[in-house]
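Q: Sequence and predicted structure, then a few things I'm wondering about:
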Amino acid sequence: MNQDEILNMPAGQDMDLLVAEEVLKLDSVGWNERFFHNRAKFSTDIRAAFEVAEKLSDKFDFALVNNQNFGKYPDLHYGFRLQALDKDSHIKTIFALGETAALAICRAALLAVVPVNIGGV
């Protein structure tokens, strides 16, 4: 997956499955049970999305930015930022936008854990 694919991925079952597997490390059996019985929809339900943020909180500080004008992205009103110090004491920052807070959280979480090819390389 490349960075653009993650940043343009819409909310829905495909993103929820990817978040469950890559961020929450749920196996396919655990994910299917949770998805069908508890209706956890990480990319559309803010309560479920904060579970994703909490999973990353041991490695990242995070902040949700809302009701902002992001210039050339007028339909994206929420941003989610993850920051951490890397092994060389450099600040690593990951930032993603979304139409909803849940979507912004899921996009940033995926950028944090999924190896991405920058620029489609």
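A: Done, it's in.
Q: contacts, neighbours, all on C-alpha from now
A: Noted.
Q: Would you tell me which helix is longest in the chain?
A: The helix spanning the most residues in the chain, taking DSSP state H as the definition, is helix 101-113.
Q: hang on, isn't residue 70 packed against residue 77?
A: Yes - the pair residue 70 / residue 77 is scored as a contact, 7.2 Å apart, by CA atoms under 8 Å.
Q: what about the protein, any weak spots by pLDDT?
A: Filtered on pLDDT under 70, the chain yields the residue ranges 27-39, 67-69, 116-121.
Q: cutoff 90 now
A: 1-2, 13-14, 17, 20-22, 24-40, 58, 64-79, 85-92, 114-121 (pLDDT under 90).
Q: Now do the contacts for residue 82.
A: Contacts for residue 82 were tallied using CA atoms under 8 Å, 6 or more residues apart in numbering; they are 60-63, 93-95, 108.
Q: for the residue positioned nearest the centre of the chain, what are its contacts?
A: Residue closest to the average C-alpha location in the chain (CA atoms, centre = their mean): residue 106, at 2.1 Å. The neighbours of residue 106, taking CA under 8 Å, 6+ apart as the test, are 15, 19, 42-43, 49, 52.
Q: Could you tell me which of the contacts of residue 82 belong to helices?
A: Using DSSP H, the members of the contacts of residue 82 that fall in helices are residue 108.
Q: Can I have the buried ones of the contacts of residue 82 as a PyMOL selection?
A: The buried residues among those can be selected in PyMOL (16 or more other CA atoms under 10 Å) with this line:
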select buried, resi 60+62+94+95+108
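Q: Adding distance to residue 114 as columns, could you present the contacts of residue 82 in TSV?
A: As requested, the contacts of residue 82 are arranged in TSV below (distance: CA to CA, whole Å):
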residue	distance to residue 114
60	15
61	18
62	18
63	20
93	15
94	12
95	14
108	10
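Q: about what we covered before: show me which of residue 70 and residue 77 is the more surrounded one.
A: residue 77 (18 against 13; other CA atoms under 10 Å).
Q: I am finished for the moment; much appreciated.
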